[in-house]
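J.: Coordinates for the following, if possible.
(one chain, ligands or ions: 1)
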Amino acid sequence: MFDRVIAPSLLAADFSQLREEVQRVERGGADWLHLDIMDGEFVPNISFGPAVVSAARKHTQLLFDVQLMVRRPAVFIAPFVEAGADSITVHVESQHVGGVRSTLALVRGHRCKVGLALNPDTPLTTVEPFLDAIDLLLIMTVHPGFGGQTFIPGTVEKIEAAYVRRAALGLDFRIEIDGGITGETAASGLLAGADVLVAGTWLFRAPDMPTAIRDLRILPGRETTPIKR
Ligand code: DX5
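T.: Numbers count the residues shown, from 1 in each chain. Below is the predicted model of the structure:
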């Protein structure tokens, strides 16, 4: 059974108040902090680097869920582990010099949780060969690069397919969704089989973050086959 994870995305925070924002997320009852790393090449935006992650690390015990939206992820694994990442997700669409599996092994080698992300236009079959090597599958529900976008409903089918495939293969990676997640869009993602919700704008702009996090936590989900721990 996967207990639900709520992972606010720091991208939507007020960076002039980094410590307060990170502590607001923790006090708000979140489980993870999602950190969007963008290099301006893989996506047409630049966000923040290891220095910001290590600054945030000082102020919270939350699990750091780092998503590398970068052209060459292998280059950045050690610096973000150093900065305090607990989990690192790379994009299947990025450049993997020794192949995707070697990048995943590089993350694993740093005793870090391993995630693999795919964009809305990337078919699930692209990540199929690597599902046995990951702890987390991130199904992007917007085209990566910017917060505040609208959830792409067509991605629900992929979430459902990933859920079915995971059960068929007897694997236990988590299914994370990210992009335009609100109380409403989360509902369809959860019923399709997602168990980790990344939300930036909806949580940071909510009148009360603890209530918004609770609202996501109590939404009905899809029962998963109990996983022996
Ligand atoms: C897109 C980013 C966003 C961010 C959350 O590259 O990955 O999805 O985490 O954004 P919103 O504001 O849509 O929740």
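
J.: Which neighbouring elements make contact with the host helix or strand of D36?
T.: Remark: D36 resides in strand 32-38, with elements defined by DSSP states H and E. Judged by 3 or more CB pairs under 8 Å, 6 or more residues apart in numbering; DSSP states H and E, strand 32-38 is in contact with strand 5-8, helix 18-27, helix 50-57, strand 63-69. C-beta: built from backbone N, CA, C; applies to glycine.

J.: List just the one of these that sits closest to the ligand.
T.: Closest to the ligand of the helices and strands packed on strand 32-38, according to CB to the nearest ligand atom: strand 63-69, at 5.9 Å.

J.: so the closest one versus strand 32-38, what angle?
T.: Relative orientation of strand 63-69 and strand 32-38, computed by axes from the mean of the first three to the mean of the last three CA atoms, to 10 degrees: 20 degrees.

J.: Quick check: can you name the pairing partners of strand 63-69 and their directions?
T.: The pairing partners recorded for strand 63-69 under DSSP bridges are strand 32-38 (parallel), strand 87-91 (parallel).

J.: So what touches the longest one?
T.: So the one you mean is strand 32-38. Residues outside strand 32-38 that contact it (CB atoms under 8 Å, 6 or more residues apart in numbering) are 5-11, 22, 25-26, 45-49, 53, 56, 60, 62-70, 76, 80, 85, 87, 144-145, 147, 178, 196, 198, 200.

J.: Also near the ligand: which of the residues you listed, exactly?
T.: With CB under 6 Å from any ligand atom as the criterion, these include S9, L11, M69, P144, G145, G147, D178, V198, G200 near the ligand.

J.: pLDDT averaged over the strand holding D36 - what is it?
T.: The pLDDT scores in strand 32-38 average 98.
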